[in-house]
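Trainee: Take a look and give me a structure for this.
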Amino acid sequence: MSASPQSSAHFLHTVFSIPELVIPIGAYLHPPELLSCVQVCHQWNEDFIPFLWETVDDTLFSWRYILKQHDADDSKGDKDESWLRGIFAKHGHLIRHLSLSWKVIILAAGLSGQCTNLLSLSLTTSVLNKTVREAEALTRAKNLKPEDGGRTEGERMQKGITGPLLMPEFEGLFLPRAAMWRTVAEQEQDWTTNQHLWQLVCGNSALRTLRLSLSEAELCKLATIDVIFDILSSLKEIARLESMTGANILDRLLDRVPTIRHVQMDSVCVGDDFTTRTFIGLQTLAIKSFVSARLFLELLHSLPNLEHFRLIAVDYHREDFKDVALYLDNTPSRLKGLHFNLGRSFDFGKMASYVLPWLPDLTELSLSCLDSVTAKALATHCKSLQIFREPGGAQSTYSDDNRDDTNYLEVLLQECPQLRIVDAICHKVDTDRMLALPWICHRLEVLHFQITGIHRLKVGEHETLLSIISAKDDTVRKLSNNEQDILDKYKRGQDQQRRVFAQLALMTHLRVLDPGFEWRNLGLDYWVQHYEVEGQTYARYASPYANTLELTLESGLDQLTDLVDLEVFGFEGINHRLGDQEMSWIAEHWPRLRVMRGLQEDSLPKLEPDTKRAELRKWIQELRPNVRHRSLRQVPESYS
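Mentor: Predicted structure coming up:
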């Protein structure tokens with residue numbers, strides 16, 4: 001039986017003095033662990049309380065339940081409104097990182113006046129976060145018909161009620177939003193809460209990071225975008241701004257707040273004289289929208305020290321990209337990371353040969369569709385490329401079986417010697433093309449991709465092969481044409497696999513090797529076929545991908561003996577033939593393995609139990625109980 005956190009804390013207390021212990025471990029304990037330490041004794045309380053309250057995020061741990069129930073009838077005296085405000089009054093000065101998304105906690109933090117030592121502040125007002133009474137009030141208002149005293153649509157769209165100003169400086173900065181379903185008291189409360197929100201911002205002069213995701217449908221509106229600029233200019237150490245409040249004039253922001261180094265916004269526009277100036281401070285820029293080709297090049301020109309640029313995609317205009325040299329004044333960009341967050345509909349290849357020659361320092365590229373033009377341009381012009389990522393590769397469990405094998409990852413693997421990370425699980429590499437040339441990226445650490453094109457036998461062909469091999473006739477029997485074809489196909493497949501494993505064996509720095517991919521579409525339940533076994537109905541989600549690696553010792557898995565640093569091994573979606581021998585070999589030769597993907601318990605609805613999979617998982621758990629089994633893809637919440 002493992003020791004409780006309290007007994008462990010008591011043991012540590014007898015071995016170490018408090019200051020000696022707090023410094024090395026305090027910052028690495030999670031809140032539940034810190035709470036156990038605080039409860040041990042008075043001395044531990046004093047020393048660990050600052051760590052317990054250093055970070056407050058109302059989306060984690062028990063906060064959601066506490067905030068939802070704090071005004072319920074049965075919560076009096078137990079984490080109610082008084083308790084919530086008392087927490088901030090007592091511990092607010094200890095908080096360094098504050099993330100708030102409930103109006104009740106924004107108000108409590110602002111009313112305390114104690115949260116004045118923040119280094120980062122995240123403010124997100126969410127319509128989904130309703131306390132018990134807020135939810136009840138909303139239900140009543142929506143169910144009340146106009147003839148019974150409810151509001152008509154026109155009345156709901158009228159401006160809401162305001163209240164008194166908490167600070168003279170707030171005069172004219174905010175505008176009330178539409179009344180909607182809120183009572184007069186709720187409108188007045190939102191007006192007050194909005195001011196406390198901005199008091200939190202203004203009251204933390206040492207703030208370095210500010211995240212604002214404030215919908216105009218909640219609390220109050222800003223009179224102009226200059227309100228944010230005025231407030232930010234008073235924060236002398238502000239370096240990061242993430243704002244989702246609509247389009248922002250980037251050069252005006254950089255003029256008003258020269259300390260800004262990192263900016264993330266929904267959309268960006270620039271002034272007429274933007275291209276005549278340079279802004280040397282900005283290092284990262286993230287824009288959650290499309291950017292015109294012209295603006296894309298203008299940003300590269302006027303932000304000479306920009307290191308990472310994230311955007312949805314570029315609206316392509318060939319004529320603009322033909323004039324790259326003109327836009328950039330014949331000066332290569334220092335950009336190190338270019339990250340596009342859009343699917344296959346975005347064709348970067350049309351502009352790659354124009355843009356990439358001007359990005360010689362590029363070390364990271366995020367792109368969902370890698371074509372031959374982009375791959376060759378990267379290999380030719382971006383010799384320092386270290387990371388290639390597929391955006392959103394592990395966001396949801398979804399397989400696109402219509403993807404073809406015309407991805408060109410093998411070009412990067414064969415021609416980019418500095419590659420360390422290939423995180424592109426949806427990309428496919430054809431085996432023969434992969435083996436055409438040796439890989440030169442021997443310092444790979446992470447490899448997520450799919451290997452296809454293995455000459456694998458079908459079920460019937462495999463049975464024929466077994467009969468050929470098991471034949472006990474002493475006399476030489478001439479094989480039929482069909483049998484010879486099956487034997488040749490098997491030999492070709494084995495040769496392919498041994499050569500693939502030989503290639504992978506050279507990557508002795510690998511920490512993650514995952515050539516697998518979830519093959520079942522979990523988002524379209526209506527098309528799934530069903531079948532019955534012994535009166536039980538199951539769903540037929542399809543079979544694993546064909547022509548993938550067998551992952552057997554016979555096919556060459558044992559060539560990977562030198563991958564002693566491997567921590568993650570994935571084979572979801574692979575039509576593998578892993579057995580007890582392979583599990584034993586893995587347990588012995590990969591001592592640092594901590595995650596396997598492919599044997600985890602499946603939570604899909606109406607899925608027939610896989611006895612073989614369960615047996616393999618049980619066996620490897622006996623051999624390596626510390627190894628966790630999980631999927632790369634995140635199963636939808638309703639299935640988990």
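Trainee: Spell out the secondary structure type for Val429.
Mentor: strand (DSSP: H, G, I helix; E, B strand; the rest coil).
Trainee: now swap in the one 3 residues further on and tell me
Mentor: Recorded secondary structure, Asp432: helix (three-state DSSP).
Trainee: Quick check, it in contact with Ile451.
Mentor: No - Asp432 is not in contact with Ile451 according to Cβ atoms under 8 Å; the separation is 10.9 Å. The way it works is simple: take the backbone N, C-alpha and C, and place the C-beta from them, glycine included.
Trainee: For Asn547, see how far away Pro625 is.
Mentor: Pro625 is 34 Å from Asn547, where distance means Cβ to Cβ, to the nearest Å.
Trainee: So for those two, which sits in the more crowded spot?
Mentor: Between Pro625 and Asn547, counted using other Cβ atoms under 10 Å, the more crowded position is Asn547 (16 against 7).
Trainee: list the contacts for the more buried one?
Mentor: 452-456, 575 (Cβ atoms under 8 Å, 6 or more residues apart in numbering).
Trainee: Filter those residues down to the buried ones.
Mentor: 452-456, 575 (16 or more other Cβ atoms under 10 Å).
Trainee: Including distance to Gln386 and pLDDT, could those go into TSV?
Mentor: Shown next, in TSV, are the buried ones among the contacts of Asn547 (distance: Cβ to Cβ, whole Å; pLDDT from 0 to 100):
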residue	distance to Gln386	pLDDT
Thr452	25	92
Gly453	27	94
Ile454	29	95
His455	34	95
Arg456	33	94
Asn575	32	92
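Trainee: Out of these, which is nearest to Phe48?
Mentor: Asn575 (51.4 Å; Cβ to Cβ).
Trainee: ok, now how distant is the residue lying closest to the closest one once chain neighbours are set aside from Leu551?
Mentor: Nearest non-adjacent residue to Asn575, counting by Cβ to Cβ, 6 or more residues apart in numbering: Pro544, 4.4 Å away. Noted for Pro544: a distance of 12 Å to Leu551, by Cβ to Cβ.
Trainee: In terms of neighbours, single out the busier of those two.
Mentor: The residue with more neighbours, out of Pro544 and Leu551, is Leu551; 23 against 17, by other Cβ under 10 Å.
Trainee: Doesn't the more buried one belong to a strand?
Mentor: No - read with three-state DSSP, Leu551 is coil and lies in no strand.
Trainee: Would you agree it is in contact with Glu572?
Mentor: No - counting by Cβ under 8 Å, Leu551 does not reach Glu572; the two are 11.9 Å apart.
Trainee: neighbours around the closest residue in space to Pro304 that isn't next to it in sequence, how many?
Mentor: Take Pro304 and drop its neighbours on the chain: the residue closest to it by Cβ to Cβ, 6+ apart is Thr278, 5.7 Å away. When neighbours are counted by other Cβ under 10 Å, Thr278 registers 11.
Trainee: go on, the one 4 residues further on?
Mentor: Leu282 has 21 neighbours, counted by other Cβ under 10 Å.
Trainee: Show me what the longest helix belonging to the chain is packed up against.
Mentor: Of all the elements of type helix in the chain, the one with the most residues (DSSP state H) is helix 481-505. Packing partners of helix 481-505 (3 or more Cβ pairs under 8 Å, 6 or more residues apart in numbering; DSSP states H and E): helix 431-436, helix 459-469.
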